[in-house]
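1. Need a 3D model of the sequence below.
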Amino acid sequence: MNAEFIEALNEIEREKGISKEVLIEAIEAALVSGYKRNFNSAQNVRVDINRELGNVRVFARKTVVEEVTDPRSQISIDEAQEIDPNYMVDDIIDMEVTPRDFGRIAAQTAKQVVTQRIREAERGIIYSEFIDREQDIVTGIVQRQDSRFYYIDLGKVEALMPLNEKMPNESFKQGDRVKAFITKVEKTTKGPQIFVSRTHPGLLKRLFELEVPEIFDGVVEIKSVAREAGDRSKIAVYSADPNVDPVGACVGPKGMRVQTIVQELRGEKIDIMKWSEDPAEYVANALSPSKVVHVTVYEGEKVTRVIVPDYQLSLAIGKRGQNARLAAKLTGWKIDIKSETQAAEEGFVYSEPVSVIPADGASEEQQDTFVQDEAYEAETDAAAVDAADEKE
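-> Next up, the predicted model:
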């Protein structure tokens, strides 16, 4: 090796950000192993690379002793003092033992070490870049597909999208450009592995952040997202500024903002509603587009009983129960939906739009009457679904 090699390391340091000193120390450690392997040596040796000229020298480290028992690691006091009269017993002497043809071995080893370190550094840089982008959107190009994944080129690395993470109503071919949500970044021996999804609710949230400046600036906040990918989603938004309409900001002029997102999601329907800390109002908003007549809140069971007009029952429940299911997922409250006729038949009387039963204020009779029962709910939903399907 020579000064050109040192200049090459300087160039790598500038371009790749890998310290020259780290590379040289790694080469020196590798050359120690290479020397012992190639020259069948069990000596305690060290390798020194000149930081300016690139010269490589090998030194055997020997201990000064009165009587030599192992010539590979020891040197007599007489021999040591011939080199330097100041040496004493137990001193360590570095004696140069550089083989004549060691330069070839050194060059080959250095090449391997530098290549490996560059590869490791690049993997580390890619991992550091993408671990910071976890839970964010990336845009890539579909490269290929196998029985488990779509492989998406992100430029520096390939992302993996499991087949069940694409929306049911879409398919991709090679060369298609696609936006996806990074769900997980893992460090492996073969480099970072990046997993992405098109069905994750986070994709919808990030798309709104990209399209709605008020969300990006923090004026409007996304409180909750519920999604059945490819079919329908609900998103609850809020603004602390009374002069800002959070729903209108997300919809955009003539619906342009939300339509851009709908197009990206291949026609997925998106309901945008206003978040409220009042559970009754929040649940009523979440059941949009249906109208709500009355909401009873059972705080202890985290359950709400919602009464809607008879003609709105199928709309409130939705096709195959989707509207009610998404509303429950969005709000975190169980929702029992009844029509006005059903409520009257059960003897439920109400005068105000909202009634609240505190956690310690509900009688056993009230709990037995109104808290959702899974068997009854399934029976009611099935009947409502049939009615909704017939109406559609």
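2. domain assignment for this protein?
-> 3-130, 133-197, 200-275, 277-392 (automatic domain parsing).
3. Format the ones you listed as JSON lines; extra columns: mean neighbour count and mean pLDDT.
-> For the C-beta atoms, the positions are set from N, CA and C on the backbone; glycine is no exception. Shown next, in JSON lines, are the domains of the chain (neighbours: other Cβ atoms under 10 Å; pLDDT from 0 to 100):
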{"stretch": "domain 3-130", "mean neighbour count": "15", "mean pLDDT": "79"}
{"stretch": "domain 133-197", "mean neighbour count": "16", "mean pLDDT": "92"}
{"stretch": "domain 200-275", "mean neighbour count": "18", "mean pLDDT": "94"}
{"stretch": "domain 277-392", "mean neighbour count": "17", "mean pLDDT": "79"}
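4. End to end on stretch 212-230, go ahead and measure it.
-> End-to-end span of stretch 212-230 (Cα to Cα, to the nearest Å): 21 Å.
5. now do stretch 133-147
-> The first residue of stretch 133-147 is 27 Å away from its last residue (Cα to Cα).
6. I would like the residues contacting that stretch, please.
-> Residues from elsewhere that reach stretch 133-147 (Cβ atoms under 8 Å, 6 or more residues apart in numbering): 150-155, 158-159, 163, 172-185, 196, 202-203, 206-207, 210.
7. can we see that at 6 Å?
-> Under the criterion Cβ atoms under 6 Å, 6 or more residues apart in numbering, residues 150-154, 172, 174, 176-177, 179, 181-182, 185, 202, 206 lie in contact with stretch 133-147.
8. Could you do stretch 58-78 as well?
-> 35, 42-47, 80, 87, 89, 91-98.
9. Can you flag which of these belong to helices?
-> The helices, defined by DSSP state H, take in Tyr35, Ala80 from the contacts of stretch 58-78.
10. Helix, strand or coil: sort out the residue of the chain most remote from its centre for me.
-> In terms of distance from the mean C-alpha position of the chain, Asp78 ranks first, at 66.9 Å (Cα atoms, centre = their mean). With DSSP: H, G, I helix; E, B strand; the rest coil as the basis, Asp78 sits in helix.
11. quick one on the thing from earlier: which of the contacts of stretch 58-78 fall in strands?
-> Counting by DSSP state E, the part of these found in strands is Val45, Arg46, Val47, Ile92, Ile93, Asp94, Met95, Glu96.
12. Check the spacing between the first one and Lys329 real quick.
-> In other words, Val45. Applying Cβ to Cβ, to the nearest Å, the value for Val45 to Lys329 is 67 Å.
13. same question, the last one
-> Counting by Cβ to Cβ, the separation of Glu96 from Lys329 is 74 Å.
14. For the nearest residue to Asn44 once chain neighbours are set aside, pull up the helix or strand it's in.
-> Nearest residue to Asn44 in three dimensions, chain neighbours excluded: Arg61, at 4.5 Å (Cβ to Cβ, 6 or more residues apart in numbering). Counting by DSSP states H and E, the element that carries Arg61 is strand 56-65.
15. In the contacts of stretch 133-147, find the pair that's most separated.
-> Greatest spacing in the contacts of stretch 133-147, by Cβ to Cβ: Gln174 and Gly202 (26.3 Å).
16. Pull the distance from the longest strand seen in the chain to the chain's centre.
-> Looking across the chain with DSSP E, the single longest strand is strand 177-188. Relative to its parent chain, strand 177-188 has a centroid offset of 6 Å by Cα atoms, centre = their mean, to the nearest Å.
17. can you give me the helices for the stretch 151-300 of the chain?
-> 201-211, 213-216, 246-251, 256-264, 279-286 (DSSP state H, counting those that start in this stretch).
18. how big is the angle separating the first one from strand 177-188?
-> Put simply, helix 201-211 runs at 120 degrees to strand 177-188, going by axes from the mean of the first three to the mean of the last three Cα atoms, to 10 degrees.
19. now for helix 201-211, which elements pack on it?
-> With contacts taken as 3 or more Cβ pairs under 6 Å, 6 or more residues apart in numbering; DSSP states H and E, helix 201-211 sits against helix 213-216, strand 221-228, helix 256-264.
20. Compare these and give me the one nearest Arg117.
-> Comparing the helices and strands packed on helix 201-211 against Arg117 with Cβ to Cβ, the closest turns out to be helix 213-216 (39.5 Å).
21. Return the list of strands paired to the strand holding Arg61, each annotated with direction.
-> Neighbouring strands of strand 56-65 in its sheet, by DSSP bridges, are strand 45-49 (antiparallel), strand 74-76 (parallel), strand 92-96 (antiparallel).
22. so what secondary structure elements neighbour the helix or strand where Arg37 lies?
-> Using DSSP H and E, Arg37 sits in helix 20-38. In terms of contacts (3+ Cβ pairs under 6 Å, 6+ apart), helix 20-38 is packed against helix 3-16, strand 45-49, helix 102-131.
23. ok, now with 10 Å
-> In this structure, helix 20-38 packs against helix 3-16, strand 45-49, strand 56-65, helix 102-131, with contacts taken as 3 or more Cβ pairs under 10 Å, 6 or more residues apart in numbering; DSSP states H and E.
24. Pipe the ones you listed into CSV and attach distance to Ile137 per row.
-> Formatted as CSV, those follow (distance: least, Cβ to Cβ, whole Å):
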stretch, distance to Ile137
helix 3-16, 28
strand 45-49, 46
strand 56-65, 50
helix 102-131, 12
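25. quick one: which of the ones you listed is nearest Ala226?
-> Minimum separation from Ala226 across those (Cβ to Cβ) falls at helix 102-131, 27.4 Å.
26. angle of whichever helix or strand comes after that closest one against strand 177-188?
-> For helix 102-131, the following helix or strand on the C-terminal side (DSSP H and E) is strand 137-145. Relative orientation of strand 137-145 versus strand 177-188 (the same axes, to 10 degrees): 90 degrees.
27. Same list (the helices of the stretch 151-300 of the chain) but as JSON lines, adding distance to His294.
-> Shown next, in JSON lines, are the helices of the stretch 151-300 of the chain (distance: least, Cβ to Cβ, whole Å):
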{"stretch": "helix 201-211", "distance to His294": "30"}
{"stretch": "helix 213-216", "distance to His294": "33"}
{"stretch": "helix 246-251", "distance to His294": "23"}
{"stretch": "helix 256-264", "distance to His294": "30"}
{"stretch": "helix 279-286", "distance to His294": "9"}
